[in-house]
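Colleague: how would this look folded up:
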Amino acid sequence: MPYVLLGLAIIAEITATLSLRASEGLSRLGPTAVVVAGYLISFGLLAKALMSLNVGPVYAIWSALGTVGAFAGGVVFYGEPVRPVTVLGAAIVVAGVVVMTLGGGVGHGR
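Modeller: All right, here's what the predicted structure looks like:
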């Protein structure tokens, strides 16, 4: 169940981050409401997941997949460019999370 919560937290964080651009500097009410709700939901779910998972690797997973998801969403929804160096950066972020997770494990045994 904590992994489901983590997955939902990541989805909420990506949604909130992509809505930041749509909010046009937090000047549009609808997208701004999605930003606020998305981050609140994301942090709430992340907090619940951390009740049984280790904070370091889980935060790394949450932030890395959020970063890659925001990058992919920017490409899909906003037509942002895909450059080799950007793809390399995303791959490095994911590789770092894999190494960190392998080194420290995710569950803390509760």
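Colleague: got the contact list for the lengthiest helix in the chain?
Modeller: Secondary structure of the chain per DSSP state H: the longest helix is helix 55-78. Outside helix 55-78, the residues that touch it by C-beta atoms under 8 Å, 6 or more residues apart in numbering are 6, 9-11, 13-14, 17-18, 21, 46, 49-50, 80-82, 86, 90, 93-94, 96-97, 100-101, 104-106. The way it works is simple: take the backbone N, C-alpha and C, and place the C-beta from them, glycine included.
Colleague: Which of those residues are buried, as a ChimeraX select command?
Modeller: The buried residues among the contacts of helix 55-78 can be selected in ChimeraX (16 or more other C-beta atoms under 10 Å) with this line:
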select :6,9,10,11,13,14,17,18,21,46,49,50,90,93,97,100,101,106
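Colleague: Now, the contacts of helix 55-78 that are in helices?
Modeller: Applying DSSP H to the contacts of helix 55-78, the entries found in helices are 6, 9-11, 13-14, 17-18, 21, 46, 49, 86, 90, 93-94, 96-97, 100-101, 104.
Colleague: what about residue 71, how many residues close to it?
Modeller: A count of nearby residues for residue 71, using other C-beta atoms under 10 Å, gives 19.
Colleague: cool, and residue 15?
Modeller: 19.
Colleague: Against residue 32, how distant is the closest residue to it other than its chain neighbours?
Modeller: Spatially, and ignoring its direct neighbours in sequence, residue 15 is nearest to residue 38 (4.7 Å; C-beta to C-beta, 6 or more residues apart in numbering). Separation of residue 38 from residue 32 (C-beta to C-beta, to the nearest Å): 11 Å.
Colleague: swap in residue 17?
Modeller: For residue 17, the distance to residue 32 equals 13 Å [C-beta to C-beta].
Colleague: follow-up on the earlier one: which stretch of helix or strand covers the residue nearest to residue 15?
Modeller: For residue 38, the host element (DSSP states H and E) is helix 29-49.
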